[in-house]
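Q: Fold the stuff below for me.
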Amino acid sequence: MSTLTDEDRDFLRRPLHGFLTVAAGPVPPQPRPVWFEATAQGTIELFTDPASAKVPRLQRDPRASLVVAAPATERERWVAVSGRADIESDGAPELVERLAARYWDLDDPARKDDLAGLREGTWLRIVLHPDKATRLDF
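A: Prediction:
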């Protein structure tokens, strides 16, 4: 079983979209694009609306996977991680702020308005604890 390498962590620090799949979802699986943050502790965090279908699915079966790929303008590279996902009620507003700053140009007035809308929401934090990582880089 492979875990995240230093090169994987560097790649995951980039503002790329990840595609999250949860085990208790529909068949065939239906990944969803997400913002994410790879933490210094080795977990991957994202936020979600409490009304999202992924919340009860993760409560039934906490297995999840995230695939992150480089843009098509770059050489082929992707990292896939899988493991247990915990749903946390704390820390989500701070994560929203960090991810908005990572993915958006907050000097853009439209994005400032978008962030204001996110701040009005109620969010949960999903913490993915990778126990397996696979990758392709060429």
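
Q: Most remote residue from the middle of this protein, which is it?
A: Going by CA atoms, centre = their mean, the residue of the chain most distant from its centre is residue 109, 25.1 Å out.

Q: which residues touch that residue?
A: Residue 109 makes no contacts at all, as judged by CB atoms under 8 Å, 6 or more residues apart in numbering. The way it works is simple: take the backbone N, C-alpha and C, and place the C-beta from them, glycine included.

Q: Pull up the pairing partners for the top strand by length along the chain, direction included.
A: Longest among the strand segments of the chain by residue count, using DSSP state E, is strand 124-137. Sheet pairing of strand 124-137 (DSSP bridges) gives strand 44-48 (antiparallel), strand 77-88 (antiparallel).

Q: I'd like to know which of the ones you listed lies nearest to residue 32.
A: strand 44-48 (9.2 Å; CB to CB).

Q: Give me the phi and psi angles of the residue positioned nearest the centre of the chain.
A: When CA atoms, centre = their mean is applied to the chain, the residue found nearest the centroid is residue 36 (3.1 Å). Backbone torsions of residue 36, given as degrees, to the nearest 10, read phi -150, psi 160.

Q: which ones are touching it?
A: With CB under 8 Å, 6+ apart, residue 36 has these contacts: 12, 18, 20, 44-46, 66, 68, 99.

Q: which of the residues you listed lies closest to residue 79?
A: Set against residue 79, the nearest of those by CB to CB is residue 68 (5.3 Å).

Q: The closest one: how many residues sit nearby?
A: Neighbour count of residue 68, defined by other CB atoms under 10 Å: 22.
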